[in-house]
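*Asks:* this one's sequence-less:
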């Protein structure tokens with residue numbers, strides 16, 4: 001346990017320093033419209049009045065590390081924070097009103113062969129697709145536009161995965177059990193650090209990482225309605241599979257709802273940052289200020305983020 005705590009602290013400190021470093025150096029993060037003009041110049045066969053986002057996309061090469069600090073920071077403190085809070089509020093409501101219990105008992109009563117055929121694929125996809133899909137797009141495909149989409153998806157999935165594991169490490173929520181489900185069990189949180197490791201906890205990691213991956217792809221390709229619709233359906237299927245598959249023992253209903261809301265907002269935000277760059281929209285980086293506090297009864301620091 002001591003080794004795990006040390007590793008966690010190291011990762012967390014690295015996250016903090018990376019975030020501050022990137023946020024403090026916007027010049028390296030946000031190319032201005034000159035870069036977009038250069039992209040146009042590299043495609044002389046296309047008239048400047050008809051250049052669209054696809055042409056620009058094919059002329060640039062993205063990296064999963066682009067805007068990393070900015071996106072890590074604002075995936076938590078930017079507008080996605082509203083969806084994180086909503087996920088927490090719905091979890092409280094669904095657990096206190098026993099909605100979680102009712103859904104878990106419903107899943108436990110169903111024909112497990114039928115539900116296994118319907119939702120086991122979703123559970124398997126939810127486990128492997130966040131690695132395989134962005135990995136193929138970014139590392140294997142020889143299509144530049146697909147490489148760029150992969151870079152966006154890699155970053156969104158990684159940010160959601162890190163955020164989810166931090167939340168699981170401090171929430172330690174008990175999982176459903178088809179034979180032992182009760183309202184008290186659905187409200188069994190053990191707040192602290194690593195009370196139940198990172199395998200038990202809230203919200204659903206599968207729902208969160210897959211929603212982040214899917215919606216980052218949708219956001220970056222928002223001018224393609226079929227892609228957006230397909231990504232939304234995929235995220236919904238994964239979340240449903242985590243609730244109704246495996247006799248309902250994988251996650252509570254509110255775990256999947258919160259994970260999907262949080263992951264989707266993270267993915268859409270990160271995809272939006274890259275999409276705005278793709279179409280040449282100038283962006284303003286956040287400004288981070290840390291002010292120390294030294295009072296007779298209070299000592300600490302205040303973190304201010306200007307979005």
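*Replies:* Looks like it arrived, so ask away. Keep in mind it's a predicted model, so treat the numbers as computed, not measured.

*Asks:* The closest residue to residue 246 other than its chain neighbours: neighbour count?
*Replies:* Of all residues not flanking residue 246 in the chain, residue 123 sits nearest, at 6.7 Å (Cβ to Cβ, 6 or more residues apart in numbering). The way it works is simple: take the backbone N, C-alpha and C, and place the C-beta from them, glycine included. By other Cβ atoms under 10 Å, 17 other residues sit near residue 123.

*Asks:* Residue 123 falls within a strand, correct?
*Replies:* No. Residue 123 is assigned helix when assessed by DSSP: H, G, I helix; E, B strand; the rest coil, not a strand.

*Asks:* And it, how far from residue 211?
*Replies:* Using Cβ to Cβ, to the nearest Å, residue 123 is found at 15 Å from residue 211.

*Asks:* what's the answer for residue 67, then?
*Replies:* 20 Å.

*Asks:* So which other helices or strands are in contact with the helix or strand hosting residue 215?
*Replies:* In this structure, residue 215 is located in helix 205-220 according to DSSP states H and E. Using 3 or more Cβ pairs under 8 Å, 6 or more residues apart in numbering; DSSP states H and E, the elements in contact with helix 205-220 are helix 112-135, helix 144-171, helix 225-244, helix 253-278.

*Asks:* what's the angle from that helix to helix 253-278?
*Replies:* With axes from the mean of the first three to the mean of the last three Cα atoms, to 10 degrees defining the directions, helix 205-220 sits at 30 degrees from helix 253-278.

*Asks:* circling back to that earlier point, residue 67 and residue 211: which has the busier surroundings?
*Replies:* Using other Cβ under 10 Å as the criterion, residue 67 and residue 211 rank with residue 211 on top: 34 against 24.

*Asks:* List the contacts of the more buried one.
*Replies:* Residue 211 makes contacts with 160, 235, 238, 239, 259, 260, 261, 262, 263, 264, 267, as judged by Cβ atoms under 8 Å, 6 or more residues apart in numbering.

*Asks:* which ones are touching the second one?
*Replies:* When contacts are counted by Cβ under 8 Å, 6+ apart, residue 235 touches 207, 210, 211, 214, 215, 260, 263, 264.

*Asks:* how many other residues sit next to the last one?
*Replies:* In other words, residue 264. 28.

*Asks:* can I assume residue 62 sits in a strand?
*Replies:* No. Assessed with three-state DSSP, residue 62 is coil; it does not lie in a strand.

*Asks:* Residue 243 versus that one, what's the distance?
*Replies:* Here the criterion is Cβ to Cβ. By it, residue 62 lies 34 Å from residue 243.

*Asks:* which residues touch the residue lying closest to residue 249 once chain neighbours are set aside?
*Replies:* Of all residues not flanking residue 249 in the chain, residue 176 sits nearest, at 5.2 Å (Cβ to Cβ, 6+ apart). Residue 176 makes contacts with 100, 104, 185, 186, 248, 249, 250, 251, 252, as judged by Cβ under 8 Å, 6+ apart.

*Asks:* ok, so of those, who is nearest residue 274?
*Replies:* residue 251 (29.9 Å; Cβ to Cβ).
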